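S.K.: next comes the sequence, and after it the predicted model I'd like to discuss.
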Amino acid sequence: MPTRIFVIDDDTAVTDLLSVLLTSQGFDVWATNNSTDGLTHIREKLPDLVILDLMMPEMDGWEICRAVRTFSDVPIIVLSALNDPSMVASVLDAGADDYLTKPTPSRVLVAHINRLVNRKANGTATDPTLRPLPAS
């Protein structure tokens, strides 16, 4: 069964691009531009991995990470245009497993997806010792 990835980003161009890219790599992709719908879908379908933006209407990436962590340890990659170390640290503290900046080369994104999915399969996806230390 292919890896199920849910993409949540308010930019349709991003969700469309990620859907095409990840589907071409053999992943089963579901995408939405509505963060509230995305959270509901995660809760109902329990994907293998979530990719989400930080700055969205309705719910932002921090809120989604915290909400997901109340019911799942699904790996979460935040994909954002923001590149502030304190922001990266705060989203990792909120429950994200990885943080990549836009634009990220497709090979790099796929490598991060495979790493997190493999860690999850081995039972180590949310091991706190695998997370970067927060910025001081």
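M.R.: It's in. Numbering: from 1, shown residues only.

S.K.: the longest helix in the protein is where?
M.R.: Longest helix in the chain by number of residues (criterion: DSSP state H): helix 106-121.

S.K.: packing partners for that helix?
M.R.: helix 12-24, strand 49-52, strand 76-80, strand 98-101 (3 or more Cβ pairs under 8 Å, 6 or more residues apart in numbering; DSSP states H and E). Quick note: C-beta positions are derived from backbone N, CA and C, even for glycine.

S.K.: so which elements touch the second one?
M.R.: I take that to be strand 49-52. strand 4-8, helix 35-45, helix 61-69, strand 76-80, helix 106-121.

S.K.: and if we set it to 6 Å?
M.R.: strand 4-8, strand 76-80 (3 or more Cβ pairs under 6 Å, 6 or more residues apart in numbering; DSSP states H and E).

S.K.: okay if I get the helices and strands packed on helix 106-121 as TSV plus distance to Ser86 and mean pLDDT?
M.R.: TSV is the format used below for the helices and strands packed on helix 106-121 (distance: least, Cβ to Cβ, whole Å; pLDDT from 0 to 100):
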stretch	distance to Ser86	mean pLDDT
helix 12-24	24	96
strand 49-52	19	97
strand 76-80	13	96
strand 98-101	12	96
